[in-house]
Every structure is written in C-alpha cells, then in structure tokens.
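Engineer: Pasting the sequence and the predicted model now:
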Amino acid sequence: MKEDVKNYTLEELKNYFKSNEVAAYTALQIFNWIYSKRVESFDLMTNVSKKIRNLLLENFYFSKLKTAKRETSFDKTEKFLFELPDGAAIESVFIPETSRLTLCLSSQVGCKYSCKFCTSGTRGLKRNLTAGEIVNQYLAISDLTRGKITNIVFMGIGEPLDNFINVVKAIKIFSEHKGLDFSRRRISVSTCGIIPQIEELLRLKLGVKLSVSLHSADNAIRSKIMPVNQKYPLNELMKTLRSFSKAEKYPVTFEYALFGSLNTSRLDAQKLIQLLKGMDCKINLIPYNTAQGIFKEPSSSEIEGFCSELKRAGLFYTLRKSRGQDIKAACGQLYALWG
Ligand code: SAH
C-alpha cells in the first residue's frame with residue numbers, strides 16, 4: 001500500500017531512504033520540493049534521480065484536502081470546511097489581524113471530551129487526523145488566501161494531545177528548516193488538561209507554546225463543565241503546569257471563557273488569582289460564544305468586575321475579541337458535520 005508522503009517527518013524520510021540504500025540528504029531535497037517549492041509530483045523533482053523518483057512513485061502518494069466550503073466573516077475571518085477521503089469533515093479558521101495571520105487547525109474529527117459549552121464534541125470522536133491531514137490544512141489555506149501565516153494554533157476541532165503522535169509529527173514538519181521553517185514559539189497547542197501528555201510534551205522539549213483551557217479555578221465547577229477534570233483534577237493539573245512553565249522558561253497561557261453567573265464573579269476572579277499565584281503565565285479571557293449547553297453570555301459589569309480584580313492582583317491578561325461569530329467560526333462553534 002502506498003503511503004502519504006506528508007505523513008513523514010524529515011527524520012522518518014531520512015530513515016526510509018537509509019533503509020533503501022539511498023543517501024539520507026535526498027530527504028532534504030524532497031522536503032524542499034514539497035514544502036518550499038510546493039511541488040506535488042515526484043516527476044517534477046528534477047534534482048532527484050529517475051531511479052529514486054520511481055522508488056517514491058511506487059511507495060508514496062500526495063494527499064490533498066477537498067475544500068467543500070469557504071465562508072468569510074464581516075471581520076475578515078475565514079472558515080474552511082474540508083472533506084476528507086473517508087467522507088469525514090473538519091473545519092479550519094484563518095484569522096487576519098493587523099500584525100499577524102493566525103491559522104486555527106483541527107487535530108481530530110470530532111472530540112471525545114464533551115466540554116459542556118463546546119459544539120465540537122457533540123457527536124463524540126470519529127477519528128484522529130493524520131499528520132498529512134493536519135499539514136494539508138496549512139498548505140490549502142496558505143494557497144487559497146495567499147497570506148503569509150505567522151501563527152498556528154491547535155484550537156480547532158479535537159483535542160490535540162489526544163492525537164499526540166500525529167500532532168507532534170505535524171509540528172516537526174511545520175518547523176523543519178528545509179521546509180516551512182515555522183518557529184515553534186509561534187505554534188500553540190491547546191489542551192483541556194491531559195496530564196500525562198503534557199508531561200510527554202515537556203519530555204520531548206518541542207518548544208511549542210502551551211495553552212490550557214481552564215474556565216474555572218473551582219474544582220467542582222470545572223468538573224461539572226469539563227468532565228476531563230474528574231480524571232485530571234485541578235490541583236494535579238496545576239502542579240504539572242507549574243513544572244512545565246518552569247522547565248520551559250516560558251509562560252503557560254490559560255484560556256478562561258467567561259460564562260454569565262457561573263465563573264465570572266469577583267470571588268471567581270479571586271480564586272483564579274489564588275490558583276495562579278507566583279506562576280509565570282498569561283490569561284486569555286474569552287466571553288462565551290453562543291454554542292452548546294445552557295450557558296449565558298457574561299454581562300459587561302461582570303466582565304469589568306472580573307478584569308478589575310485581575311488587574312489589581314497584577315495578573316497579565318487579555319480580553320479576547322471574538323472573531324468570526326457570524327459564520328460560526330469562533331471558539332467552541334466549530335462543528336463540521338461528517339457523513
Ligand atoms: N481541545 C482543546 C482544543 C480546543 S481549543 C482544548 O480544549 O483546549 C478551543 C477553545 O475554545 C478551548 O479553549 C475551549 O475551551 C474554548 N471554547 C469552547 N467552546 C467555547 C465557547 N462556547 N465559548 C468560548 N470558548 C469556548
């Protein structure tokens with residue numbers, strides 16, 4: 001069976017060539033053709049010998065995503081619906097800002113963690129994406145928008161740390177010098193808090209940014225709205241994250257959705273301040289986007305009260321403006337119905 005050449009990291013391709021008695025540097029040439037020159041045919045790789053091209057033709061193919069839909073928000077955010085070869089579907093979001101172009105990638109078809117406020121998990125998990133399918137979202141969108149993407153965030157559909165191997169492969173492919181040469185500090189992996197994989201990420205020393213979907217500093221409330229907290233409770237998660245930011249010498253980012261009358265009072269802010277005391281971190285506040293469940297948008301006085309507590313405590317936070325709500329491209333709104 002032929003394999004998708006975009007599932008291979010440079011290291012893996014080198015090993016493949018070595019085991020076929022081909023010089024390992026051929027892998028660099030192939031990476032350069034695919035990711036720098038964006039060539040999708042072995043026949044066009046003219047500095048590679050005919051013999052090697054035949055070997056590649058016999059054993060590999062180029063996967064491609066089918067763009068099923070492209071929608072543009074009034075704020076210029078774009079949402080792409082991609083159809084996969086097995087009929088499954090995913091969505092990716094392109095977010096242009098003044099000084100950066102962010103690409104929000106999906107890592108799975110569906111999601112098994114069923115956070116109560118998020119639409120992406122309402123039909124459970126269908127399957128993991130391959131590394132090639134993750135990388136293809138980038139290639140397709142950079143071709144279609146002709147934008148120079150500056151930031152990649154794994155904040156689309158799925159839990160990236162639940163598809164650990166393929167997400168790590170995709171990160172290695174994105175950051176390969178001979179290819180897309182993307183800086184790892186411009187890649188964010190967002191997780192609902194899966195402790196063993198956070199530890200594994202640290203062990204690999206990948207150097208990517210880590211975001212954690214926190215949403216409450218109260219263990220009981222977090223367990224209610226994010227069932228994953230029952231398995232990996234807040235105190236253990238925080239221990240892991242403190243060692244992560246210390247070892248990486250880089251702040252962890254906390255995503256905190258503001259839900260009206262649930263986690264947005266001054267007392268909730270004080271609990272958050274207590275939880276993060278002395279830790280090198282950033283906080284992204286995201287007013288709830290209408291999506292799943294019985295949640296309410298926060299009132300402006302709730303938002304102001306919450307922010308003023310954080311400010312008083314000297315915590316670094318940003319209040320995120322929601323992007324692409326009118327095309328259901330904002331956090332928690334991605335769904336991508338699959339067949
Ligand atoms: N599974 C990963 C990646 C998803 S990122 C994770 O949980 O981090 C999507 C982000 O949007 C997460 O921070 C998620 O908690 C947040 N989110 C989900 N639904 C939301 C909603 N309705 N309003 C605001 N943020 C939401």
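Structural biologist: All right, it came through fine.
Engineer: From here on, just use CA atoms for contacts and neighbour counts.
Structural biologist: Will do.
Engineer: And the nearest residue to residue 23 once chain neighbours are set aside, how far from the ligand?
Structural biologist: Excluding the flanking residues, the one nearest residue 23 by Cα to Cα, 6 or more residues apart in numbering is residue 17, at 6.4 Å. Residue 17 sits 35 Å away from the ligand, taking Cα to the nearest ligand atom, to the nearest Å as the criterion.
Engineer: contacts for whichever strand or helix holds residue 17?
Structural biologist: Assigned by DSSP states H and E, residue 17 belongs to helix 10-19. With contacts defined as Cα atoms under 8 Å, 6 or more residues apart in numbering, helix 10-19 is touched by 23-28, 31, 173, 176.
Engineer: If we use 10 Å, what do you get?
Structural biologist: 5-9, 20-28, 30-31, 52, 55-56, 169, 172-173, 176-179 (Cα atoms under 10 Å, 6 or more residues apart in numbering).
Engineer: Enumerate the residues of the stretch 1-150 of the chain near the ligand.
Structural biologist: 117-118 (Cα under 6 Å from any ligand atom).
Engineer: Equivalent analysis for the stretch 201-339 of the chain, please.
Structural biologist: So the stretch 201-339 of the chain meets the ligand at 212-213, 255, 257, 286, 288-291, 331-332 (Cα under 6 Å from any ligand atom).
Engineer: The residue nearest to residue 282 when sequence neighbours are not counted: helix or strand, and which one exactly?
Structural biologist: Excluding its sequence neighbours, the residue lying closest to residue 282 (Cα to Cα, 6+ apart) is residue 253, at 4.6 Å. Using DSSP H and E, residue 253 maps to strand 252-258.
Engineer: elements contacting that strand?
Structural biologist: Contacts defined by 3 or more Cα pairs under 10 Å, 6 or more residues apart in numbering; DSSP states H and E place strand 252-258 against strand 187-191, strand 209-213, helix 234-248, strand 281-287, helix 300-312, strand 317-319.
Engineer: Without its sequence neighbours, what residue ends up closest to the one residue in the stretch 1-150 of the chain that gets nearest to the ligand?
Structural biologist: Across the stretch 1-150 of the chain, the shortest distance to the ligand (Cα to the nearest ligand atom) belongs to residue 118, at 3.6 Å. Using Cα to Cα, 6+ apart and skipping residues adjacent in sequence, the residue nearest residue 118 is residue 332, 4.5 Å away.
Engineer: With residue 216 instead?
Structural biologist: Nearest residue to residue 216, sequence neighbours excluded (Cα to Cα, 6+ apart): residue 222, at 5.4 Å.
Engineer: three-state assignment of the one you found?
Structural biologist: When classified by DSSP: H, G, I helix; E, B strand; the rest coil, residue 222 comes out as helix.
Engineer: still on that earlier bit, quick check: ChimeraX command selecting the buried ones in the contacts of helix 10-19.
Structural biologist: Here is the ChimeraX command that selects the buried residues among the contacts of helix 10-19 (16 or more other Cα atoms under 10 Å):
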select :5,6,7,8,9,24,26,27,28,30,31,56,169,172,173,176,177,178,179
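Engineer: Identify the farthest-apart pair in the residues of the stretch 201-339 of the chain next to the ligand.
Structural biologist: 212 and 290 (20.5 Å; Cα to Cα).
Engineer: Can you pull the phi/psi pair for the residue in the chain that the ligand sits nearest to?
Structural biologist: Closest to the ligand within the chain is residue 332: 3.0 Å, counting by Cα to the nearest ligand atom. Main-chain dihedrals, residue 332, degrees, to the nearest 10: phi 80, psi 0.
Engineer: Would you quantify the distance from the residue nearest to the spatial centre of the chain to residue 38?
Structural biologist: Geometric centre of the chain, nearest residue: residue 154, 0.4 Å, by Cα atoms, centre = their mean. According to Cα to Cα, to the nearest Å, residue 154 and residue 38 sit 23 Å apart.
Engineer: Kindly report the same for residue 210.
Structural biologist: Distance from residue 210 to residue 38, by Cα to Cα: 29 Å.
Engineer: quick one: low-confidence parts of the stretch 201-339 of the chain?
Structural biologist: Low-confidence segments of the stretch 201-339 of the chain, defined by pLDDT under 70: 292-293, 338-339.
Engineer: Residue 65 is in contact with residue 92, isn't it?
Structural biologist: No. Residue 65 is beyond contact range of residue 92, at 11.7 Å (criterion: Cα atoms under 10 Å).
Engineer: Now do the shared contacts for these two.
Structural biologist: Jointly contacting residue 65 and residue 92 under the rule Cα under 10 Å, 6+ apart are 81-82, 134, 137.
Engineer: Let's see which of those residues end up in helices.
Structural biologist: Among those, the residues falling in helices (DSSP state H) are 134, 137.
Engineer: what's the most distant pair in the shared contacts of residue 65 and residue 92?
Structural biologist: Comparing all pairs in these by Cα to Cα, the longest separation belongs to 81 and 134, at 13.3 Å.
Engineer: Give the residues shared as contacts by these two.
Structural biologist: Common contacts of residue 81 and residue 134, defined by Cα under 10 Å, 6+ apart, comprise 65, 92.
Engineer: More neighbours: these two, which one.
Structural biologist: More crowded of residue 81 and residue 134, by other Cα atoms under 10 Å: residue 134, with 26 against 22.
Engineer: Could you check how far the more buried one is from residue 119?
Structural biologist: Here residue 134 is placed at a distance of 20 Å from residue 119 (Cα to Cα).
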